[in-house]
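Asker: prediction below, plus the sequence it came from.
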Amino acid sequence: MAADKTILILGGSADQLFAIETAKSMGLFVIVADRNPQALGFRYADEAVVISTRDIPSLLEFIRSYRKRRPIDGVMTMGSEIPMSVAVLSEELGAPGISREIAYLASDKLAMKQRWLECGVPVPWFQEVNSISELRRIIRERGYGLVIKPIDRSAARGVFRLSEGADLEALFGQAKGLSFAGRVMVEEYLDGPQESTESIVYDDFFTTPGCSDRNYELNPLFHPNMIENGGTMPTDLPPEKWRGFEAMLEKAARALGIRRGVAKGDGVYCPQRGPVMFEMAARLSGGHMSSGLIPVSTGVNIVETMIDISVGNVPDLTKLTPKWRKGAALRYFFPTPGKWRGFEGLEEVMRQPWLKALDLYYSPGDYVPKPPSHAERFGGFLVEGETRAEAEARARWVYDTVRIITEPKDEP
């Protein structure tokens, strides 16, 4: 039974809190590892260990010692791009989990797209770029309809849409500087509705409880950065288009080797080409996708299923069938850059029963920058509605009601 089992959750930040709480509610003994001694998740863990989730040698040393007094049945994370940590620890424990090859493919966007190309999964045109001169040559040949990015980062870090007049040398340098491996790629920019998805793979079974229409309505304000302003469920894709999109997701997940676990896929429905894959992570998403949008819109707790898979339980796959079809909208606050002085209207918003989450990632007195990536967004909120339209209207009401007060000043 689950009550007899122990899970190691890598990460104790707000992004992992829902996984920690869900595992506890399932009766598991929960160990949480995080480099921050004040990590929020430590308050809810049965045991806490202060180790960086990227420090694989120290994590291995910990589990080898810990297992002498208590077995660890599985390891997982949520909202953190550390697939190799999960793979190596799962291998050491003899626990269910992704392999090292899957971890590599899921974290190297160049290798990922090369695998998909070999397996017939539709992808944008792409190429590694090793120098600014090579980038200029590509633009001469293909034009400016391109996106440049590190091959190994998440949350839109170092991702730029190229346009005429752009400082190519600066953008290439930033993308390369943000890459762990110092490697950069460009890919074709494709128009069309972009989708963020969460699927469960279990042997021959495949389903996608969550498909969120990504919201880029504010993207012109952040150009050349590509900053998403949340997403909306249920998807606006017509059923026949969604069936084609989900078929592509399954093909992409299986091409990466995922057989039991989660596949977090991002793609676009291109008017000219149909569904096209951008990226896929072998982990649960953070940012209120797995923990908010999906359960609010469908009543499905995909995190519970992933915990069962991680500790070797046979999951009840019937629980992934949607219980309802409600509207849910996740949005973010983007105040004027400056020193945060306060806010107006937040109390009124907090009184609304349809507000499901509201997070502020800065403290009064902090300097709030123009966000260069999703990781630097000021804060966000999740609302529900009986329909998609009602959820979107409530999101607009929140924007109209809340005023974030900042004092413009030079960035520190």
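Answerer: Cool, the structure landed.

Asker: give the buried residues for the helix-or-strand element of the chain with minimal mean pLDDT.
Answerer: Lowest by mean pLDDT, DSSP states H and E among the helices and strands of the chain is helix 219-222, with a mean of 90. The neighbour-count check on helix 219-222 (16 or more other C-beta atoms under 10 Å) flags Phe222 as buried. In short, each C-beta sits where N, CA and C put it, glycine included.

Asker: so the protein: which segments form each domain?
Answerer: For the chain, the structural domains run 2-95, 125-188, 191-321, 326-412, going by automatic domain parsing.

Asker: what about the residue most central in space within the chain, distance to Ile20?
Answerer: The C-alpha lying nearest the average C-alpha coordinate of the chain belongs to Ser285 (C-alpha atoms, centre = their mean; 3.9 Å). According to C-beta to C-beta, to the nearest Å, Ser285 stands 16 Å off from Ile20.

Asker: what of Ala156?
Answerer: Taken as C-beta to C-beta, the span from Ala156 to Ile20 is 26 Å.

Asker: circling back to that earlier point, my guess is the residue nearest to the centre of the chain contacts Gly79, does it?
Answerer: Yes - in this structure Ser285 lies within contact range of Gly79 using C-beta atoms under 8 Å: 6.1 Å.

Asker: closest to Leu105 out of the domains of the chain?
Answerer: Proximity to Leu105 (C-beta to C-beta) singles out domain 191-321 among the domains of the chain, at 4.9 Å.

Asker: tell me how far the closest one lies from the chain's centre.
Answerer: Centre-to-centre, domain 191-321 and its host chain are 10 Å apart (C-alpha atoms, centre = their mean, to the nearest Å).

Asker: and it, end to end?
Answerer: Domain 191-321 has an end-to-end distance of 31 Å (criterion: C-alpha to C-alpha, to the nearest Å).

Asker: neighbour count for Ala156 and Ile20, which is higher?
Answerer: Taking neighbours as other C-beta atoms under 10 Å, Ala156 and Ile20 compare with Ile20 leading, 26 against 19.

Asker: what about the strands in the stretch 1-150 of the chain?
Answerer: With strands called from DSSP state E, counting those that start in this stretch, the stretch 1-150 of the chain shows them at 6-10, 29-34, 47-50, 74-77, 126-129, 146-150.

Asker: who's in contact with the fourth one?
Answerer: It stands for strand 74-77. If you take C-beta atoms under 8 Å, 6 or more residues apart in numbering as the criterion, strand 74-77 is touched by 5, 7-11, 16, 19, 53, 85-86, 89-90, 93, 95-97, 283-284, 306-307, 310-312.

Asker: likewise for the fifth one?
Answerer: Residues outside strand 126-129 that contact it (C-beta under 8 Å, 6+ apart): 110, 113, 135, 138, 148, 151, 172, 183-188.

Asker: let's go with 10 Å and repeat that
Answerer: Contact with strand 126-129 is made by 109-110, 112-114, 116-117, 134-138, 142, 146-149, 151, 172, 175-176, 183-188, 278, as judged by C-beta atoms under 10 Å, 6 or more residues apart in numbering.

Asker: re earlier: among the domains of the chain, which comes closest to Tyr104?
Answerer: The closest of the domains of the chain to Tyr104 is domain 2-95. By C-beta to C-beta, the value is 7.2 Å.

Asker: any idea of the mean pLDDT for the closest one?
Answerer: Mean pLDDT, computed over domain 2-95, is 96.

Asker: what distance separates it from the centre of its chain?
Answerer: In terms of C-alpha atoms, centre = their mean, the centre of domain 2-95 is found 19 Å from the chain centre.

Asker: what do you get for stretch 340-350?
Answerer: With C-alpha atoms, centre = their mean, you get 27 Å for stretch 340-350.

Asker: can I get it in PDB, CA atoms only?
Answerer: Extracted as PDB, the C-alpha positions of stretch 340-350 are listed here (Å, rounded to 0.1, in the frame of the first residue of the first chain):
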ATOM      1  CA  TRP A 340       7.400  48.000  -5.600                       C
ATOM      2  CA  ARG A 341       5.500  50.300  -3.300                       C
ATOM      3  CA  GLY A 342       2.200  48.600  -2.800                       C
ATOM      4  CA  PHE A 343      -1.100  47.600  -4.500                       C
ATOM      5  CA  GLU A 344      -4.700  48.600  -4.700                       C
ATOM      6  CA  GLY A 345      -7.700  46.300  -5.200                       C
ATOM      7  CA  LEU A 346      -6.100  43.100  -4.200                       C
ATOM      8  CA  GLU A 347      -8.400  42.600  -1.200                       C
ATOM      9  CA  GLU A 348     -11.500  42.800  -3.400                       C
ATOM     10  CA  VAL A 349     -10.000  40.200  -5.700                       C
ATOM     11  CA  MET A 350      -9.100  37.900  -2.800                       C
END
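
Asker: tell me the mean pLDDT for it?
Answerer: Here stretch 340-350 scores 95 as its mean pLDDT.

Asker: what packs against the least confident helix or strand of the chain?
Answerer: Helices and strands touching helix 219-222, by 3 or more C-beta pairs under 10 Å, 6 or more residues apart in numbering; DSSP states H and E: there are none.

Asker: helix or strand right after that helix?
Answerer: Downstream of helix 219-222, the first helix or strand assigned by DSSP states H and E is strand 231-233.

Asker: how many residues are close by the closest residue to Thr298 other than its chain neighbours?
Answerer: The shortest distance from Thr298 to any residue other than its chain neighbours is 3.9 Å, reached at Pro322 (C-beta to C-beta, 6 or more residues apart in numbering). When neighbours are defined as other C-beta under 10 Å, Pro322 has 15 of them.

Asker: ditto for Glu390
Answerer: Applying other C-beta under 10 Å, we find 16 residues neighbouring Glu390.

Asker: and the residue lying closest to it once chain neighbours are set aside, what's its pLDDT?
Answerer: In space, and not counting its chain neighbours, Glu390 is closest to Gly327: 5.5 Å by C-beta to C-beta, 6+ apart. Predicted confidence (pLDDT) for Gly327: 98.

Asker: quick one, helices of the stretch 1-150 of the chain?
Answerer: 14-25, 56-66, 83-93, 100-107, 109-119, 132-142 (DSSP state H, counting those that start in this stretch).

Asker: can you put the ones you listed in a markdown table and add distance to Arg35?
Answerer: Shown next, in a markdown table, are the helices of the stretch 1-150 of the chain (distance: least, C-beta to C-beta, whole Å):
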| stretch | distance to Arg35 |
| --- | --- |
| helix 14-25 | 13 |
| helix 56-66 | 10 |
| helix 83-93 | 12 |
| helix 100-107 | 19 |
| helix 109-119 | 25 |
| helix 132-142 | 35 |
